[in-house]
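Participant: predicted model and sequence below, questions to follow.
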Amino acid sequence: GQCMREAPWEQQQQQQSAREQQERSRLGVAPSMAEADDAAAAQAGSPGAAEAINIPAHIQVPEDFPSISIAVDMAADGDIILIAPGEYRESINLNKDVTLMGHRGSPQECVLISKNATTITFCARRGKLKNLSLRVEDTSNFFHCLVVENGEVEMESCQLSGGAWGICINNRASATIRGC
């Protein structure tokens, strides 16, 4: 499935992480918690080295990246992806420990729509979805708004519509749902 990893995964992950750090630096996106930890570890033992402060990056869609999928690809674990009001037509593979959050309080203002595909496939360790509307335009009645393949996802103040089911939870995954 979309969440399966090949044997050379660690090497691919290190290469991807290096590319992401370069791109984040080029775009002026604040360092993620993991990057701050890495920087602190590199300075450990240096005279006067400061203790690391873990501050997640706040990535804005579409200001920083044109799509939610690209923002997820560029994010690091712990980052918060703020999504401006509007309709976003894409299917998202959420494979990092991040928060996807509608920038304003109302889920009706931030709508993620997939056509004949699952809107969000979650396969990270932990994540959060907040203030979002997930919609499936599905002629086959096969796809879902959210599929939780593994890990723990928290959903707050979200709306789900269309598709076969709103949420499908597989394997040993779990979901906490509030105000949806």
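Facilitator: Arrived safely, thanks for sending. Numbering: from 1, shown residues only.
Participant: tell me the confidence at residue 13?
Facilitator: If you check residue 13, the pLDDT there is 51.
Participant: tell me how far the residue nearest to residue 89 when sequence neighbours are not counted lies from residue 125.
Facilitator: For residue 89, ignoring the flanking residues on the chain, the nearest one in space by Cβ to Cβ, 6 or more residues apart in numbering is residue 113 at 5.0 Å. In short, each C-beta sits where N, CA and C put it, glycine included. Distance of residue 113 to residue 125, computed by Cβ to Cβ, to the nearest Å: 27 Å.
Participant: neighbour count: the two, which is higher?
Facilitator: For residue 113 and residue 125, the more surrounded residue by other Cβ atoms under 10 Å is residue 113, and the numbers stand at 18 against 12.
Participant: is it true that that one touches residue 132?
Facilitator: No - if you go by Cβ atoms under 8 Å, residue 113 and residue 132 don't touch, sitting 11.1 Å apart.
Participant: now do the strands in the chain.
Facilitator: 58-61, 80-83, 86-89, 92-94, 99-102, 110-115, 120-122, 126-130, 133-137, 146-148, 152-156, 159-161, 167-169, 174-178 (DSSP state E).
Participant: would you list those in TSV and tack on distance to residue 71 and mean pLDDT?
Facilitator: Formatted as TSV, the strands of the chain follow (distance: least, Cβ to Cβ, whole Å; pLDDT from 0 to 100):
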stretch	distance to residue 71	mean pLDDT
strand 58-61	5	95
strand 80-83	5	96
strand 86-89	10	96
strand 92-94	9	96
strand 99-102	9	96
strand 110-115	12	95
strand 120-122	13	95
strand 126-130	13	97
strand 133-137	16	95
strand 146-148	18	95
strand 152-156	17	96
strand 159-161	21	94
strand 167-169	22	93
strand 174-178	22	94
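Participant: dump those strands to JSON lines, plus distance to residue 74.
Facilitator: Converted to JSON lines, the strands of the chain look like this (distance: least, Cβ to Cβ, whole Å):
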{"stretch": "strand 58-61", "distance to residue 74": "7"}
{"stretch": "strand 80-83", "distance to residue 74": "9"}
{"stretch": "strand 86-89", "distance to residue 74": "16"}
{"stretch": "strand 92-94", "distance to residue 74": "13"}
{"stretch": "strand 99-102", "distance to residue 74": "13"}
{"stretch": "strand 110-115", "distance to residue 74": "18"}
{"stretch": "strand 120-122", "distance to residue 74": "17"}
{"stretch": "strand 126-130", "distance to residue 74": "16"}
{"stretch": "strand 133-137", "distance to residue 74": "21"}
{"stretch": "strand 146-148", "distance to residue 74": "22"}
{"stretch": "strand 152-156", "distance to residue 74": "20"}
{"stretch": "strand 159-161", "distance to residue 74": "26"}
{"stretch": "strand 167-169", "distance to residue 74": "26"}
{"stretch": "strand 174-178", "distance to residue 74": "25"}
